[in-house]
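[1] below are the sequence and a predicted model; questions follow.
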Amino acid sequence: MNIDSEKYSIRTWIHPLMLHWIINPGVAFNELILGQRIPKILLIEKTRKIKPLAERSFIPCPHCNTLHSALKWTPQNKTAFGNWFGLYCDHCGQIIPCLTNLTTYLILGLTSPVWYWFRNYLKAVWLKKQQEKFSKPLNMTLPQHSWWYAGLRWGLFMYIWAVILNPLLFRDEITLKKLLIGIPVWISGGLLFGLCMKLFMSLSEKKSTANHALKSTDTE
Ligand SMILES: [Zn+2]
């Protein structure tokens, strides 16, 4: 697909935000449990108007060359999560390829004897669900994110993993003391994780808006 580099700046895995998505082990929770995905190619519109990053973000479908607004995948459309197989293109019905976090790769590899046999069935069920979701009119307004809610959800997952599942798998003792200590530890850990993600995202947005404003004044 030909991308107009005059009109869009192209983000691939080498961009810091994309690289962070690949490296941060906590992102495995977003990918595996929530089904939150980032496309392999993200286009940021170079416009003179100061607009939020989400409004300037576009996702190209490599199968039909449709340029989708990133606002198609938002919580209000119930499309921000559940994208386990990638992002569904509602124009051609194919899947837009996404980045995969390294920890996700590792977990998928280790658990492959469990899911490998059901993958085609799961994918077919998932595809049908996407067709239903995207057949309804989409709300293309900016999403409202709450960092503390996302952080607490991550903390809950980490609590279950670290305090219950991990000891069960590795035959370690689960004691009441460990269960109780784990609660404040993972509540604060979750809030810290949510706050870091929020700061990282807003820093990246500010940097992108500043670069973009600078380029706009340069060309004037
Ligand atoms: Zn497509």
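    Structure received. Everything numeric here is computed off the predicted structure, so don't read it as measured data.
[2] the longest helix along the chain packs against which elements?
    The residue-count maximum for a helix in the chain (DSSP state H) belongs to helix 176-219. Helices and strands touching helix 176-219, by 3 or more C-beta pairs under 8 Å, 6 or more residues apart in numbering; DSSP states H and E, are helix 16-23, helix 53-56, helix 147-159. From N, CA and C alone the C-beta is placed, and that goes for glycine too.
[3] as a markdown table, the ones you listed with distance to the ion, mean pLDDT and mean neighbour count would be great.
    Formatted as a markdown table, those follow (distance: least, C-beta to the ion, whole Å; pLDDT from 0 to 100; neighbours: other C-beta atoms under 10 Å):
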| stretch | distance to the ion | mean pLDDT | mean neighbour count |
| --- | --- | --- | --- |
| helix 16-23 | 21 | 90 | 15 |
| helix 53-56 | 21 | 86 | 18 |
| helix 147-159 | 29 | 85 | 18 |
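[4] outline the domain layout of this protein.
    Using automatic domain parsing, the domains assigned to the chain come out as 1-144, 145-220.
[5] and the closest residue in space to residue 74 that isn't next to it in sequence, how many residues sit next to it?
    With sequence-adjacent residues excluded and distances taken as C-beta to C-beta, 6 or more residues apart in numbering, residue 74 is closest to residue 143, at 4.0 Å. Residues lying near residue 143 (other C-beta atoms under 10 Å) number 14.
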